[in-house]
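*Asks:* What would the 3D arrangement of this be:
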Amino acid sequence: MRARSLGLIFQSLATAIILVLAAPANAQNYPVKPIRVIVPVPAGSGMDTVGRIAVEKMAQNMGATFVIENISGANTNIGAAAAARAAPDGYTLLIATDALPLSALTYTNLSYDPLRDVQMLGTIAKAVFILSVNPSLPVQNVEEFVKLARSKPGSIAHGTSGIGSPHHLAMELFAQSTGIELLHVPYKGSADTVTALLGGTIQAAMGLPSSFAPHVKSGKFRALAVTSTRRTPAFPEVPTLSERGVNGAEYESWYGMFAPNATPRPLLDRLHAELGKVVRDKAYTDERLSKIGLDPFESASPAAAAALVRTYYDKLAPVVKKAGIKAE
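*Replies:* Below you'll find the predicted structure:
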């Protein structure tokens, strides 16, 4: 019996060694078949656009076939769960945003663990939120907005892309940093928020340039501040929140590429390198990303990308807890 056990141990070790030795060769020859990329939102939405921008160029550079599959629902969690269940062989990838660590904080009944079952291998782009109001609201700057909100707690309605969405957390950070109370109106997506803000159904919102920029430039939205640490080149005249005396409310949204947990490191390194080529292609990113108000964003390594997810989780956990946000 002991001899048999030793034999099984040696057999397992031999198999592990073969897999380790074979992994770099597999990464070198990879891919040998089409790569499925899950985008957990409907086609045509902001995340879908960013994912297609990255995948299109990766396919060209690698001479490979990428097939995008839109699996939407439950704040991107249905698609993310599908990616988590896929084989960790490099042939199923996921496009996701900072909504992923937020799901880990706001959902209690997920069928997968956003922090353990998928891992970000590289970043694509980042975007700043723009605190905007309907021009009918009698405020011209952040200070006046805060003063009005304090004088009438819960009277200013703000819209988001859903409970626990990045838009929700960006506004909650601002509210907690200034000690104001706002009325939260969740919608199914940015398009609905834009419509509501244009029509005056809500008075304020945090929005990304991809959906808010045209209305800010036309004057239909009044931009009060951006949530980044520095002014954004797309709106150089719009101050940061910190410039207006609000500290601790900095927030930048990001887009990244994920793989199922246990995907071999050589494959993650290869995909990270290929994604980096796209992000560093200034002519390409200026033509594609900058036009929708995004900045290219490259992570130093797959490990650095994965660490970013945890950083956002740790930063936002106390905000979610204080606000009592539950996505269910």
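*Asks:* quick one: the lengthiest strand in the chain to chain centroid distance?
*Replies:* Among all segments of the chain classified by DSSP state E, the strand with the greatest residue count is strand 118-128. Computed by Cα atoms, centre = their mean, to the nearest Å, the separation of strand 118-128 from the middle of its chain amounts to 7 Å.
*Asks:* Leaving out sequence neighbours, find the closest residue to S111.
*Replies:* Spatial nearest neighbour of S111, excluding adjacent residues (Cβ to Cβ, 6 or more residues apart in numbering): A81 at 5.1 Å. From N, CA and C alone the C-beta is placed, and that goes for glycine too.
*Asks:* Distance of the one you found relative to R52?
*Replies:* 22 Å (Cβ to Cβ, to the nearest Å).
*Asks:* Which one's more surrounded, these two?
*Replies:* A81 (24 against 18; other Cβ atoms under 10 Å).
*Asks:* so the more buried one is in which element?
*Replies:* Element membership for A81, per DSSP states H and E: helix 77-85.
*Asks:* What separation do you get for P264 and R270?
*Replies:* On the measure of Cβ to Cβ, P264 and R270 end up 10 Å apart.
*Asks:* again but with I163, I slipped
*Replies:* Applying Cβ to Cβ to I163 and R270 gives a distance of 37 Å.
*Asks:* Overlap in contacts, P264 and R270.
*Replies:* The contact sets of P264 and R270 overlap at 27, 90 (Cβ atoms under 8 Å, 6 or more residues apart in numbering).
*Asks:* how is this protein carved up into domains?
*Replies:* Following automatic domain parsing, the chain resolves into domains at 14-126+253-323, 130-244.
*Asks:* ok now the shortest one, how far from the chain's centre?
*Replies:* This means domain 130-244. 19 Å.
*Asks:* go on, the first one?
*Replies:* With Cα atoms, centre = their mean as the basis, the distance from the averaged C-alpha position of domain 14-126+253-323 to the chain average is 10 Å.
*Asks:* Which positions within the helix holding A81 qualify as buried?
*Replies:* For helix 77-85, the neighbour count (16 or more other Cβ atoms under 10 Å) marks 77, 79-84 as buried.
*Asks:* Can I get that helix as CSV, trimmed to CA atoms?
*Replies:* Extracted in CSV, the C-alpha atoms of helix 77-85 (Å, rounded to 0.1, in the frame of the first residue of the first chain):
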residue,chain,number,x,y,z
ASN,A,77,-22.5,39.6,-12.7
ILE,A,78,-24.1,37.2,-15.0
GLY,A,79,-21.4,37.5,-17.6
ALA,A,80,-18.7,37.6,-15.0
ALA,A,81,-20.0,34.4,-13.4
ALA,A,82,-19.9,32.7,-16.9
ALA,A,83,-16.3,33.7,-17.2
ALA,A,84,-15.5,32.4,-13.7
ARG,A,85,-17.0,29.0,-14.6
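*Asks:* for that helix, packing partners?
*Replies:* Judged by 3 or more Cβ pairs under 8 Å, 6 or more residues apart in numbering; DSSP states H and E, helix 77-85 is in contact with strand 35-39, strand 92-97, helix 99-106, strand 118-128, strand 252-260.
*Asks:* Work out which residue lies at the spatial centre of this protein.
*Replies:* T97 (1.6 Å; Cα atoms, centre = their mean).
*Asks:* Quick one: residues contacting that residue.
*Replies:* T97 neighbours (Cβ under 8 Å, 6+ apart): 47, 76, 166, 253-256.
*Asks:* try P296
*Replies:* Residues in contact with P296 (Cβ under 8 Å, 6+ apart) are 124-125, 279-280, 282, 285, 289.
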